[in-house]
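Novice: Here is my input; please provide its structure:
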Amino acid sequence: MKIKEVVTALERFAPLPLQESYDNAGLQVGLTEKEEVSGVLLCLDVTEAVVDEAVRLGCNLIVAHHPLLFRGLKCIDGRTQVERCVAGAIRHGVAIYAAHTNLDNVRGGVNWRMAEMLGLQDVCFLQEQSGGVGGSGAIGRLPVAEQPLEFLGRVKHVFGVEALLRNEGPQRPVQTVALCGGAGEFLIDEAVAKEADVFLTGEMSYHRFFGREKDLWIGVLGHYQSERHVIGLLRDILSDVFPALPAHITAVITNPIYYMV
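Specialist: Numbering: from 1, shown residues only. Below is the predicted model:
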């Protein structure tokens, strides 16, 4: 099986045209046309430790959610982590591929998996794009309404959140849940317009919390915490097409943020 075939399967599920204009999803490093795939290492972020892990496991393909290359490199002299990752991958013949906002924006992608983890029903895009083929965020309903703090506590447990940030929302049970993995604060007005009881995302700036106490509850999980489940989604996509493909989930915790409690 060629690396190209793995890339094709990923792009069949999450077409590259669905990515945002600022993004750089797709092939990052390496050759795909003629190279046989020896194994795939799945991760959220590419770090030096992840490249080393791929080499140790005999994987010549890394599939990540976050692109390693977001901006152009003018030289590769090892001064930055990105440069060292690129050099290490090339040295060991490891290709790197990223499925980023195209995987966020596709039906059944990142936000759908979040909704599934919370047991939401009747899920649809929070902000539809591309004629219904793609969109930003997701919105759905809990089968049974829950008390706000109990629901947010369940979110904290389900996603393994060390410290969930929240506001003080309206004193009513919650049933309609809007969400967006990663940096999704741009969708909060859409969540309010769709009459969501709760909006969940990975990042939100301080000032966006103000004035929402009558609108909805806000739960901010952390970028890493809201998206680490993507690794399992990538594994499922590939195993459906290539059940015999060696696909490893990274053992490296790539979250650069630590929590003092």
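Novice: Doesn't D215 belong to a helix?
Specialist: No. Judged by DSSP: H, G, I helix; E, B strand; the rest coil, D215 forms no part of a helix; its state is coil.
Novice: give me phi/psi at it?
Specialist: The phi and psi values for D215, taken as degrees, to the nearest 10, are phi -90, psi -60.
Novice: number of nearby residues for it?
Specialist: A count of neighbours around D215, defined by other Cβ atoms under 10 Å, yields 19. All C-beta spots, glycine's among them, are computed from the backbone N, C-alpha and C.
Novice: That one and V192 touch, don't they?
Specialist: Yes. Under the criterion of Cβ atoms under 8 Å, D215 makes contact with V192 at 4.8 Å.
Novice: which stretches of this structure form helices?
Specialist: 3-13, 48-57, 81-91, 101-104, 110-117, 148-158, 188-193, 223-227, 230-241 (DSSP state H).
Novice: ok, the residue most central in space within the chain - contacts?
Specialist: Closest residue to the average C-alpha location of the chain: E227 at 3.9 Å, with Cα atoms, centre = their mean. Residues counted as contacts of E227 (Cβ atoms under 8 Å, 6 or more residues apart in numbering) are 44, 65, 110, 181-182, 202.
Novice: other SSEs contacting the strand of greatest length in the chain?
Specialist: Counting by DSSP state E, the longest strand found in the chain is strand 134-146. Judged by 3 or more Cβ pairs under 8 Å, 6 or more residues apart in numbering; DSSP states H and E, strand 134-146 is in contact with helix 110-117, strand 121-129, strand 174-180, helix 188-193.
Novice: try it again with 7 Å
Specialist: Counting contacts by 3 or more Cβ pairs under 7 Å, 6 or more residues apart in numbering; DSSP states H and E, strand 134-146 is packed against helix 110-117, strand 121-129, strand 174-180.
Novice: Can you give the contact residues for that strand?
Specialist: 18, 105-106, 111-112, 114-115, 119-129, 173-180, 184, 187, 194, 196 (Cβ atoms under 7 Å, 6 or more residues apart in numbering).
Novice: What pLDDT is listed against the residue of the chain most remote from its centre?
Specialist: Going by Cα atoms, centre = their mean, the residue of the chain most distant from its centre is Q171, 31.0 Å out. Q171 is assigned 93 on the pLDDT scale.
Novice: same check, this time on T32
Specialist: pLDDT, T32: 82.
Novice: Please apply the same query to A138.
Specialist: pLDDT for A138: 98.
Novice: Could you list which residues are in contact with the nearest residue to it once chain neighbours are set aside?
Specialist: Closest residue to A138 apart from its sequence neighbours, by Cβ to Cβ, 6 or more residues apart in numbering: N111 at 3.8 Å. Under the criterion of Cβ under 7 Å, 6+ apart, the contact list for N111 reads 104, 137-138, 179-181.
Novice: nearest to R208, of those?
Specialist: For these, the residue nearest R208 by Cβ to Cβ is C180; the value is 12.8 Å.
Novice: The closest one contacts F199, correct?
Specialist: No. Using Cβ atoms under 7 Å, C180 is not in contact with F199, being 8.1 Å away.
Novice: and the two? which has more neighbours close in?
Specialist: Between C180 and F199, counted using other Cβ under 10 Å, F199 has the larger neighbour count: 31 against 28.
Novice: The nearest residue to the more buried one once chain neighbours are set aside: neighbour count?
Specialist: Of all residues not flanking F199 in the chain, A191 sits nearest, at 4.1 Å (Cβ to Cβ, 6+ apart). Using other Cβ under 10 Å, A191 has 28 neighbouring residues.
Novice: wait, A191 sits on T176?
Specialist: No. A191 is beyond contact range of T176, at 9.1 Å (criterion: Cβ under 7 Å).
Novice: Let me know the closest of the contacts of E227 to L165.
Specialist: Of the contacts of E227, the one sitting nearest to L165 (Cβ to Cβ) turns out to be G202, at 10.5 Å.
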